[in-house]
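Participant: Provide a 3D model corresponding to the input given below.
(2 chains)
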Amino acid sequence: NAGVTQTPKFRILKIGQSMTLQCTQDMNHNYMYWYRQDPGMGLKLIYYSVGAGITDKGEVPNGYNVSRSTTEDFPLRLELAAPSQTSVYFCASSSNTLGNEQYFGPGTRLTVT
Amino acid sequence: DAKTTQPPSMDCAEGRAANLPCNHSTISGNEYVYWYRQIHSQGPQYIIHGLKNNETNEMASLIITEDRKSSTLILPHATLRDTAVYYCIVRVKAAGNKLTFGGGTRVLVKP
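Facilitator: Numbers count the residues shown, from 1 in each chain, chains lettered A, B, ... in the order given. Next up is the predicted model:
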């Protein structure tokens, strides 16, 4: 299993541009999450999904959108990028049997200038 | 969720045991103690969890006090690759939980 994969690894955006961060898991996990981590800080939950077709807001959802059309994929969309969205973005997944054991991807480092 | 308190940093000698404390004095009866770590520039990695009994896996051991108000993560033979930030999280055991990663303990394993 590849686990949780994220693309791209790095990206530089100009203010006002849009992009989609991709996240895919091959473990058939029904739960998926998007977190962001600002320099020197802990992780903050942006959005999460409990299954295909179901998404919900986390702690810091403003400026982001998500969709979950399949079990495997959970893309995060940034519209009108702002410097405050400069961060490292982590995708994670888990399942009913795993509970709070979440598997994380390697992250996407985004800079907005 | 119960609040946790961890020391901000600690050093450990390579090959020696690293004992990482965590206080969670307001833990509820149905809350578990989870440990994650985050190696620099990588995503967090699940290590171990427990309710009240001591737990051991291939990565670490978890010792929870009888009153469950504190716990200790033990890395039995620390290696340089164990240098990371270690997070202690207390949560009810359920899928779909939003984990809160606080300050954690920055562990530096020295040769």
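Participant: so what's the spatially closest residue to residue B:7 that is not a sequence neighbour up against?
Facilitator: Distances taken as CB to CB, 6 or more residues apart in numbering or on different chains place residue B:105 nearest to residue B:7, at 5.4 Å, with adjacent residues excluded. Using the backbone N, CA and C atoms, a C-beta is placed for each residue, glycine as well. Neighbour list for residue B:105: B:6-10, B:20, B:85-86, B:88 [criterion: CB atoms under 8 Å, 6 or more residues apart in numbering or on different chains].
Participant: just these now: which is nearest residue B:59?
Facilitator: residue B:86 (11.3 Å; CB to CB).
Participant: where's that closest one, which helix or strand?
Facilitator: Assessed by DSSP states H and E, residue B:86 sits inside strand B:84-92.
Participant: other SSEs contacting that strand?
Facilitator: On a contact count with 3 or more CB pairs under 8 Å, 6 or more residues apart in numbering or on different chains; DSSP states H and E, strand B:84-92 meets strand B:18-23, strand B:31-38, strand B:70-75, strand B:105-110.
Participant: that older thread, pairing partners for the residue nearest to residue B:7 in the sheet, please.
Facilitator: residue B:86 (DSSP bridges).
Participant: could you measure from it over to residue B:52?
Facilitator: Relative to residue B:52, residue B:105 is positioned 22 Å away (CB to CB, to the nearest Å).
Participant: before we move on, what about residue A:83?
Facilitator: Residue A:83 is 46 Å from residue B:52, by CB to CB.
Participant: up against chain B, what does chain A have?
Facilitator: Neighbours of chain B within chain A, by CB under 8 Å from any CB of the partner chain: A:4, A:30-31, A:33, A:42-43, A:45, A:48, A:50, A:58-59, A:88, A:90, A:92, A:94-107.
Participant: what count of nearby residues applies to the residue of chain A found nearest chain B?
Facilitator: Per CB to the nearest CB, residue A:104 is where chain A lies closest to chain B, at 3.1 Å. For residue A:104, the neighbour count with other CB atoms under 10 Å in any protein chain shown is 23.
Participant: what comes up buried for the strand holding residue B:86?
Facilitator: Buried residues in strand B:84-92, counted by 16 or more other CB atoms under 10 Å in any protein chain shown: B:84-91.
Participant: which residues of chain B lie near chain A?
Facilitator: Residues of chain B lying close to chain A (CB under 8 Å from any CB) are B:32, B:34, B:41-46, B:49, B:87, B:89, B:91, B:93-104.
Participant: repeat that for 10 Å
Facilitator: Within chain B, the positions lying close to chain A (CB under 10 Å from any CB of the partner chain) are B:32, B:34, B:36, B:38, B:41-49, B:85, B:87, B:89-104.
Participant: CA atoms only for stretch A:45-53, dumped as PDB, please.
Facilitator: Presented in PDB, the C-alpha positions along stretch A:45-53 are these (Å, rounded to 0.1, in the frame of the first residue of the first chain):
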ATOM      1  CA  LEU A  45      -8.200  20.900  11.000                       C
ATOM      2  CA  ILE A  46      -9.600  22.600   7.900                       C
ATOM      3  CA  TYR A  47     -12.200  20.100   6.600                       C
ATOM      4  CA  TYR A  48     -13.000  16.400   7.100                       C
ATOM      5  CA  SER A  49     -15.100  13.700   5.500                       C
ATOM      6  CA  VAL A  50     -16.800  10.700   7.000                       C
ATOM      7  CA  GLY A  51     -17.400   9.100   3.600                       C
ATOM      8  CA  ALA A  52     -18.000   9.700   0.000                       C
ATOM      9  CA  GLY A  53     -20.400  12.500  -0.600                       C
END
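Participant: good, we can wrap up now.
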